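Student: A predicted structure for the sequence below; I have some questions about it.
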Amino acid sequence: MKKIPVAKNKRLRLLLNLSLLTALLAACQPAPTPVALDPNQMMTAMVQTIAAQLSAPSETPAPPPSTDTPAPTATLPPRTPPALPPSTDTPAPTATLPPRTPPALPPVYQTSLLKADDLPRQYAADSCQYLKNKWDSTKAAPGTVVMVVMYHGINKGDASGNAVTVSKHEQNMRALHEAGFEAITTQQLADFMYDNAYIPPRSVLLIADDRHFAEYFNDHWRPYYEQWGWPVVNAYIGLDERPDLWAENAALSAEGWVDYQAHGYVHNVNITNASDDAFIESEMGGAIRSLQKYMDKTPIAYIWPGGGFTQRAVEIGTQLGYKLGFTVNERGPIMYNWVPQADAVNAANPIAIPEVPAGNPLMTLPRYWSANVQQHLDEVRIIGKEAAAYAEQNKATELDYYDIVCAPTYGAIP
Ligand SMILES: [Zn+2]
């Protein structure tokens, strides 16, 4: 049996008395003959009786009155409430313990597999939300890694320029599949990078740049969609010329497995520090308007034509609604809150524009060149494994930190 505290007991009695009084008053109302009892006087008398009960010396020292149910003290002389104890409702067991000092969060996972200047950058501004997303068992497991691959041409003859041969492309796809990779869409990547939404532990985003006829996708990509359900991204150019080309691509877009994203409007003029806002808007905004017009689709990714980006263009692109951007810089794979980038131009990768000055890792994600997929597969797999092991090693510390600093506001981790 639960013992009712004295004050609560008194409050109960008070409530009972008040209900009785209400019943009595209600019963009085329809009485045909005038009754000598004045309801106001009755109330005053009753309240005084109750007050007398409350102030009568009790068996045990009464705790201070609760503040949430104000007693009808209107007719009583004002009483000075005693100070409330620090905890009112149900005192938590930890309340009496000394405050815990949160542990220092471990540094970001580093790897010697990448070039020395290509350092992983974190972009999550809120460490509590980051930890919650990271350890939420319904989301992507730590160590989930994405290889982003950039394709240009796939040549039926010899490889030339940025293109690869058909047989090289087939080898790439087989190697990715055998290594346990699965292809994802741009939206899946955005949900992963922003919220750590679940994607396969080894994912690949295949991006084919520039305009191609439907034949290119039917010959080189459709077989993998049919066998494995793998989508492919087409980084498409917005300039609305050649209506036949648009019609073919719009039909492919409607099928759903070719994922059209933006790759400039005129495309052949790259964005540089000399570009003014109007040009940047016409390139990045123009690409959105064309895809909306012809494909009824709003792109969420901008694939920088020629790999040209600036801090200003990253800002404008974000304002236009882009969630992700892709460079031509081959830095490494990407993970949730982990993007390898360089602070400055460096000898190891002299043609790559440094991303850090642009200030937004999500808008300047690296890509592997299609010719180099097979030689980098192991590095991507090992980075995923190492990151998972590093996360496991720090799990207790991070959960401890979360429990002390974050849980009161962010709640328990699902
Ligand atoms: Zn291009």
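Tutor: On my side now, so go ahead.
Student: let me see the confidence value for the nearest residue to Thr144 once chain neighbours are set aside.
Tutor: Nearest non-adjacent residue to Thr144, counting by C-beta to C-beta, 6 or more residues apart in numbering: Pro201, 5.0 Å away. To be clear about C-beta, it is placed using only N, CA and C from the backbone, and glycine gets the same treatment. You'll see Pro201 listed with a pLDDT of 98.
Student: these two touch, right, Pro201 and Met147?
Tutor: No: using C-beta atoms under 8 Å as the test, Pro201 is too far from Met147 to be in contact (12.0 Å).
Student: and these two? Which one has more around it.
Tutor: Using other C-beta atoms under 10 Å, the more surrounded residue of Pro201 and Met147 is Met147, with 27 against 18.
Student: what about Ala342, neighbour count?
Tutor: 23.
Student: what's the answer for Ala125, then?
Tutor: So Ala125, with other C-beta under 10 Å, has 7 neighbours.
Student: mind checking how far it is from the ion?
Tutor: Separation of Ala125 from the ion (C-beta to the ion, to the nearest Å): 32 Å.
Student: quick one: that residue is in a strand?
Tutor: No: remark: Ala125 does not belong to a strand; assigned using DSSP: H, G, I helix; E, B strand; the rest coil, it is coil.
Student: mind pulling up the pLDDT for it?
Tutor: 95.
Student: can you check the one 5 residues further on too?
Tutor: Predicted confidence (pLDDT) at Tyr130: the value is 98.
Student: which residues touch Val146?
Tutor: Taking C-beta atoms under 8 Å, 6 or more residues apart in numbering, we find Val146 in contact with Ile184, Leu189, Phe192, Ile199, Ser203, Val204, Leu205, Pro333, Ile334, Met335.
Student: how close does it sit to the ion?
Tutor: For Val146 relative to the ion (C-beta to the ion), the value is 21 Å.
Student: just checking, what packs against the helix or strand containing Ala250?
Tutor: Applying DSSP states H and E as the criterion places Ala250 in helix 243-255. The elements that helix 243-255 packs onto, with contact taken as 3 or more C-beta pairs under 8 Å, 6 or more residues apart in numbering; DSSP states H and E, are helix 214-220, strand 232-236, strand 258-262, helix 277-295.
Student: rerun that using 7 Å as the cut-off
Tutor: In terms of contacts (3 or more C-beta pairs under 7 Å, 6 or more residues apart in numbering; DSSP states H and E), helix 243-255 is packed against helix 214-220, helix 277-295.
Student: how many degrees apart are the longest one and helix 243-255 in direction?
Tutor: What that stands for is helix 277-295. Angle, helix 277-295 to helix 243-255, by axes from the mean of the first three to the mean of the last three C-alpha atoms, to 10 degrees: 70 degrees.
Student: I figured Thr298 was touching Arg289, is that so?
Tutor: No: the criterion here is C-beta atoms under 7 Å, and Thr298 misses it with Arg289 at 9.7 Å.
Student: ok, these two, which is more surrounded?
Tutor: Arg289 (15 against 12).
Student: how far away is the more buried one from Asn218?
Tutor: From Arg289 over to Asn218 the distance is 27 Å, taken as C-beta to C-beta, to the nearest Å.
Student: so how many other residues sit close to Glu315?
Tutor: A count of nearby residues for Glu315, using other C-beta under 10 Å, gives 16.
Student: list phi and psi for it.
Tutor: phi -60, psi -50 (degrees, to the nearest 10).
Student: taking the mean pLDDT, what do you get for stretch 239-249?
Tutor: Rounded mean pLDDT across stretch 239-249 is 88.
Student: buried ones in that stretch, by neighbour count?
Tutor: Leu245, Trp246, Glu248, Asn249 (16 or more other C-beta atoms under 10 Å).
Student: assign a three-state SS to Ala348, would you?
Tutor: coil.
Student: can you read off the pLDDT for Pro81?
Tutor: 61.
Student: how about Arg100?
Tutor: 88.
Student: so who does it touch?
Tutor: Ile404 (C-beta atoms under 7 Å, 6 or more residues apart in numbering).
Student: any idea how far it lies from the ion?
Tutor: Arg100 is 54 Å from the ion, by C-beta to the ion.
Student: same thing with Gly238?
Tutor: Per C-beta to the ion, Gly238 is found 12 Å from the ion.
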